[in-house]
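1. Show me the folded form of this:
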Amino acid sequence: MRQPHIRTVYPTWRVYPRVQYFRNRFLSLYPRFKTTVGSVQWKIRDHLEAINNLFEADLEVLIIANSECPIESVIVDQTSLPESTDKFHDQKGSKTRVCLCFIEGNVREPQFTERLQDVIGAFNNTPASEECFLFVTFKLSENPSHEQRTNLQYELDKRLKRRPHCWNKSSSVVFEVDGTELPLSISDYFEKLLYEAFSEVAICLKLFIPSEQLVDMKTTHFDFEKFVSTDNAIDPIVSGIRAMEIKSSPSTHGSEENIGSEGLLNLARIIKCLVLFTTYEKLSISSNITQAILVESHFEEKFTKQIKPSSINLLLEIKGIKKEITTVELTEETHMSYKQKINSLLKLIMTDILSLVQNLEKRVYQEGINLYKDVV
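-> Numbers count the residues shown, from 1 in each chain. Got it, this is the predicted structure:
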């Protein structure tokens, strides 16, 4: 067994110019994408986060070869090489490892299989890395036949004890003759990862593009007819209502009760936290985005001016109920009655503030459209 040449080098992503270009765009886009969609459980969120981490990390190239394999032979742009590629200056920084197994020779020679075994054996003995991208390159003296390719891939599969999670035999096994196949294969592979990431971001952002109806602002994504508050929201809403101060003012019939401005501000915050946030999070819009837009548009102050007397009257009726609304103390029938009152109140309030909700949606979707334009 002959010990292969093993060398670790630290070029930058710039040695793959197209990858560097799309990498820079993605690293600029992704933080804004996260801000727009928030922490909602997107099906692709973990994948995009992994892509972001991969390209934020510095590039590390591990070369395992049966012959000399200079770094210049595995990169696209030699002019972008740093002065020293053998030292990694930030030892604590994360690294994306590219492992290159390089086997050179004549495939017809009996020793060629031994060289393959030596190189792959050395790779099997390297410490496993979660972010490892393996490329196996056969540098041959002549183009191999289909049968020779099949036999080499079989020998490779038989000897490869572990496969990185990104292993793809069709793109990770390279047959090289003129010296350009490997650099382009590496570049193409990472370009494809970025292209797929951009496509997934674009698909998500299409959800932010309004329909013609939404552009006309004749409807919203808030379904007033189907809205029903959850059991978990009932108690906090009722507690907030009970804590409101009542103002009495003289009238022709004695005195008239009303909710003061501070009470309506508290009501605005209740609606914001327990209704708007939860509703739009289900539509993949984070509470951070909703809050930022509501603050900028002075939602709470405008809210107090749009609540109609019918909503105030029902609010006072609920406030007048002395019993605590808990499933422990009340029968199910009574609890359902109170819940219906709360839902009726919330529907009235949401109807009162329809224009504010429409403005919220218009702003949120505009944020998504602007970001989508950057992607496409």
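2. Just list what the longest helix anywhere in the chain packs against, helices and strands only.
-> Assignment by DSSP state H gives helix 181-205 as the longest helix of the chain. Here helix 181-205 touches helix 17-37, helix 45-56, strand 132-140, helix 169-172, strand 173-176, helix 354-375, going by 3 or more Cβ pairs under 8 Å, 6 or more residues apart in numbering; DSSP states H and E. To be clear about C-beta, it is placed using only N, CA and C from the backbone, and glycine gets the same treatment.
3. who touches the fourth one?
-> For helix 169-172, the surrounding residues in contact (Cβ atoms under 8 Å, 6 or more residues apart in numbering) are 133, 134, 135, 136, 153, 157, 185, 188, 189, 192.
4. ok, now how distant is the fifth one from residue 175?
-> Residue 153 sits 10 Å away from residue 175 when distances are taken as Cβ to Cβ, to the nearest Å.
5. for the record, mean pLDDT for stretch 167-182?
-> Averaging pLDDT along stretch 167-182 gives 77.
6. distance between that stretch and the chain's centre?
-> 31 Å (Cα atoms, centre = their mean, to the nearest Å).
7. cool, stretch 294-304 as well?
-> The chain centre lies 29 Å from the centre of stretch 294-304; the measure is Cα atoms, centre = their mean.
8. same deal with stretch 55-68?
-> Relative to the centre of its chain, stretch 55-68 is centred 28 Å away, using Cα atoms, centre = their mean.
9. tell me which residues in that stretch are buried?
-> Using 16 or more other Cβ atoms under 10 Å as the test for burial, stretch 55-68 gives 55, 59, 60, 61, 62, 63, 64, 65, 66.
10. Contact partners for the first one?
-> Residue 55 makes contact with 13, 23, 26, 27, 96, 194, according to Cβ under 8 Å, 6+ apart.
11. what ranges do the strands span in the stretch 251-376 of the chain?
-> Using DSSP state E, counting those that start in this stretch, the strands found in the stretch 251-376 of the chain span residues 254-259.
12. In it, where is pLDDT below threshold?
-> The model of the stretch 251-376 of the chain has pLDDT under 70 over residues 251-257, 283-286, 321-336, 338, 364-376.
13. Direction-wise, compare the longest strand along the chain with strand 132-140 and give the angle.
-> The residue-count maximum for a strand in the chain (DSSP state E) belongs to strand 95-105. In terms of direction (axes from the mean of the first three to the mean of the last three Cα atoms, to 10 degrees), strand 95-105 departs from strand 132-140 by 20 degrees.
14. Now do the next helix or strand after strand 95-105: which elements does it pack against?
-> The helix or strand immediately downstream of strand 95-105 is helix 111-124, counting by DSSP states H and E. Packing partners of helix 111-124 (3+ Cβ pairs under 8 Å, 6+ apart): strand 58-65, strand 95-105, helix 146-159.
15. Tell me how far residue 314 lies from residue 344.
-> 6 Å.
16. hmm, which of the contacts of residue 55 are the buried ones?
-> 13, 23, 26, 96, 194.
17. From the rest of the structure, what touches the longest strand of the chain?
-> Strand 95-105 is touched from outside by 54-55, 57-67, 69, 74, 88, 111-112, 115-116, 119-120, 123, 126, 129, 131-141, 164, 182, 186, with contacts defined as Cβ under 8 Å, 6+ apart.
18. returning to what we had before: dump the helices and strands packed on helix 111-124 to JSON lines, plus distance to residue 5.
-> Below are the helices and strands packed on helix 111-124 laid out as JSON lines (distance: least, Cβ to Cβ, whole Å):
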{"stretch": "strand 58-65", "distance to residue 5": "5"}
{"stretch": "strand 95-105", "distance to residue 5": "9"}
{"stretch": "helix 146-159", "distance to residue 5": "18"}
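19. out of the ones you listed, nearest to residue 81?
-> Ranking the helices and strands packed on helix 111-124 by proximity to residue 81 (Cβ to Cβ) places strand 58-65 first, at 11.3 Å.
20. count of residues packed around the spatially closest residue to residue 65 that is not a sequence neighbour?
-> Once flanking residues are discounted, residue 65 sits nearest to residue 102: 3.6 Å by Cβ to Cβ, 6 or more residues apart in numbering. Neighbourhood size, residue 102 [other Cβ atoms under 10 Å]: 25.
21. Which positions are bridged to residue 102 in the beta structure?
-> Beta-bridge partners for residue 102, by DSSP bridges, are residue 65, residue 137.
22. what secondary structure does residue 163 sit in?
-> coil (DSSP: H, G, I helix; E, B strand; the rest coil).
23. Surely residue 149 and residue 175 touch.
-> Yes. Checked against Cβ atoms under 8 Å, the pair residue 149 and residue 175 is within contact range at 6.6 Å.
24. Between these two, which is the more surrounded one?
-> Neighbours were tallied for residue 149 and for residue 175 using other Cβ under 10 Å; the higher tally belongs to residue 175 (19 against 16).
25. Apart from its chain neighbours, what residue comes closest to that one?
-> residue 138 (5.2 Å).
26. List the contacts of that neighbour.
-> Contacts of residue 138 (Cβ under 8 Å, 6+ apart): 103, 104, 107, 144, 152, 173, 174, 175, 176.
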